[in-house]
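Peer 1: got a structure for you, letters missing:
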Ligand code: ATP
């Protein structure tokens, strides 16, 4: 029997709709050939342009549809020219993350053959790891509280809870397990912290070690965040699954995107117990919006992660396999270079780049 998944689609701002359109078309075409799954897409408004017009960045009705969906596809959001009265940027993606308790920010760092990278990789040095950024607490916990006293001192609070950390580490070990089963990693989880200086990180590490002790078939280790930054450049092939706090993860995931040749190829997923959002790491690129030249690959790779997550959560191997096929089609397009956009050194339009992927899926 075919399982139909409801997908809430946020087109976003700037290039957002331009990269979402071909992504949904690719998903529809894969589903039309599947005997296991189909999709019902529902596009819902949110974002900076919506705020400018209607005074709200994430309408209640949009959030309700997202809550009721099986998964959420979210394109680039925000525009530098549109701000809240306090000067901060419109970022409904952060509101959704908080509202749906999406604690695991999954950021794959993978350098496929032929992918532009600043690293000089030699044979056998394969970079394919996943960084998991806790996304609901850590140093982002006090975001918005604005504790600035008499223009003399400012305070932020770093919050680590047992409840969220336990879920986060369970997620990290389950991911390492499934990567090991798929032959993509040795089954190792590295906890990245600063436990030598901060009690909050010693607590984070203690909870990590408790979870590690429950996984006899996997290995685990620790690394300080400063050393991790160094090793991600010097020897990134040593990593399999990295799990870390919100702020550290924020910074390290951009370093990871840099290793992958920039944000144009960096997908992401934000996953909680009951919901998940799939979104490219890059912004809305207003400088190139409307020209039909945006690179759709990070959005398409995020959709591949959605297929993988839905397939794994609902026991549909065909869907997991389609996620793999979609990712491999993007990697093949990158290697052959004929259908890549300008930011990757090619000349293809968004539509031509997406057509290159569709051609590889038949
Ligand atoms: P944000 O703060 O919203 O994440 P940002 O300041 O990092 O945004 P982006 O919108 O990601 O900025 O754009 C940074 C640069 O990368 C811009 O020059 C933009 O044109 C380019 N860029 C970003 N995404 C893409 C894409 N998908 N295709 C082509 N170029 C892109």
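Peer 2: Yes, it's here. All values derive from a computational prediction rather than experimental measurement. Numbers count the residues shown, from 1 in each chain.
Peer 1: contacts, neighbours, all on C-alpha from now
Peer 2: Will do.
Peer 1: reduced to three states, what does residue 189 come out as?
Peer 2: Secondary structure, DSSP: H, G, I helix; E, B strand; the rest coil: residue 189 is strand.
Peer 1: which residues touch the closest residue to residue 158 other than its chain neighbours?
Peer 2: Closest residue in space to residue 158, ignoring its immediate chain neighbours: residue 139 at 4.2 Å, by C-alpha to C-alpha, 6 or more residues apart in numbering. The neighbours of residue 139, taking C-alpha atoms under 8 Å, 6 or more residues apart in numbering as the test, are 156-159, 245-247.
Peer 1: could I get those as a markdown table with pLDDT?
Peer 2: Below are those laid out as a markdown table (pLDDT from 0 to 100):
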| residue | pLDDT |
| --- | --- |
| 156 | 92 |
| 157 | 94 |
| 158 | 95 |
| 159 | 97 |
| 245 | 98 |
| 246 | 96 |
| 247 | 97 |
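Peer 1: which residues touch the residue in the stretch 101-250 of the chain that the ligand sits nearest to?
Peer 2: Per C-alpha to the nearest ligand atom, residue 250 is where the stretch 101-250 of the chain lies closest to the ligand, at 11.3 Å. When the contact criterion is C-alpha under 8 Å, 6+ apart, the partners of residue 250 are residue 133.
Peer 1: residues of the helix or strand that it is a member of that come out buried?
Peer 2: For residue 250, the host element (DSSP states H and E) is helix 246-259. Of all the residues in helix 246-259, those buried under the rule 16 or more other C-alpha atoms under 10 Å are 246-250, 252-259.
Peer 1: what's the most distant pair in those residues?
Peer 2: 246 and 259 (19.9 Å; C-alpha to C-alpha).
Peer 1: show me where this structure has helices.
Peer 2: 16-32, 48-54, 60-68, 92-99, 162-181, 199-212, 225-234, 246-259, 297-313, 317-336, 350-361 (DSSP state H).
Peer 1: how big is the angle separating the fifth one from helix 199-212?
Peer 2: The directions of helix 162-181 and helix 199-212 differ by 50 degrees, with axes from the mean of the first three to the mean of the last three C-alpha atoms, to 10 degrees as the criterion.
Peer 1: lowest average confidence across the helices of the chain, which one?
Peer 2: Lowest mean pLDDT within the helices of the chain: helix 92-99, a mean of 90.
Peer 1: quick check: residues of the protein near the ligand?
Peer 2: Proximity of the chain to the ligand, by C-alpha under 6 Å from any ligand atom, involves residues 78, 264, 282-285, 287-288, 294-296, 343.
Peer 1: quick check: residue 356 vs the ligand, distance?
Peer 2: 16 Å (C-alpha to the nearest ligand atom, to the nearest Å).
Peer 1: just give me the neighbour total for the closest residue in space to residue 266 that isn't next to it in sequence.
Peer 2: With sequence-adjacent residues excluded and distances taken as C-alpha to C-alpha, 6+ apart, residue 266 is closest to residue 298, at 5.1 Å. Neighbourhood size, residue 298 [other C-alpha atoms under 10 Å]: 23.
Peer 1: enumerate every residue touching residue 298.
Peer 2: Contacts of residue 298 by C-alpha under 8 Å, 6+ apart are 263-267, 279-282.
Peer 1: tell me where the stretch 1-150 of the chain has strands.
Peer 2: Secondary structure of the stretch 1-150 of the chain (DSSP state E, counting those that start in this stretch): strands at 3-10, 37-43, 71-74, 104-110, 128-134, 147-149.
Peer 1: which other residues reach the fourth one?
Peer 2: So the one you mean is strand 104-110. Residues contacting strand 104-110 (C-alpha under 8 Å, 6+ apart): 127-135, 168, 171, 253, 256-257, 259-260, 266-272.
Peer 1: cool, and stretch 223-234?
Peer 2: So stretch 223-234 is contacted by 119, 190-195, 248, 252, 255-256, 259 (C-alpha under 8 Å, 6+ apart).
Peer 1: for the contacts of residue 298, which one is nearest the ligand?
Peer 2: residue 282 (3.9 Å).
Peer 1: how many residues are close by the closest residue to that closest one other than its chain neighbours?
Peer 2: Once flanking residues are discounted, residue 282 sits nearest to residue 263: 5.2 Å by C-alpha to C-alpha, 6+ apart. Residues near residue 263, counting by other C-alpha under 10 Å, number 21.
Peer 1: check contacts around residue 263.
Peer 2: Counting by C-alpha under 8 Å, 6+ apart, residue 263 touches 254, 257, 281-282, 298.
Peer 1: and the residue in the stretch 51-200 of the chain that the ligand sits nearest to, its phi and psi?
Peer 2: Sorted by distance to the ligand under C-alpha to the nearest ligand atom, the residues of the stretch 51-200 of the chain start with residue 78, at 5.7 Å. Main-chain torsions, residue 78, degrees, to the nearest 10: phi 100, psi 150.
Peer 1: can you report how many residues lie near it?
Peer 2: Around residue 78 there are 27 residues (other C-alpha under 10 Å).
Peer 1: okay, the helices of the chain, which one's buried deepest?
Peer 2: Most buried of the helices of the chain, by mean neighbour count (mean count of other C-alpha atoms under 10 Å): helix 297-313, with a mean of 24.
Peer 1: and that helix with helix 317-336, angle?
Peer 2: Using the same axes, to 10 degrees: helix 297-313 against helix 317-336 is 160 degrees.
Peer 1: check the offset of helix 297-313 from the chain's centre.
Peer 2: Helix 297-313 has its average C-alpha position 10 Å from the chain's average C-alpha position, going by C-alpha atoms, centre = their mean, to the nearest Å.
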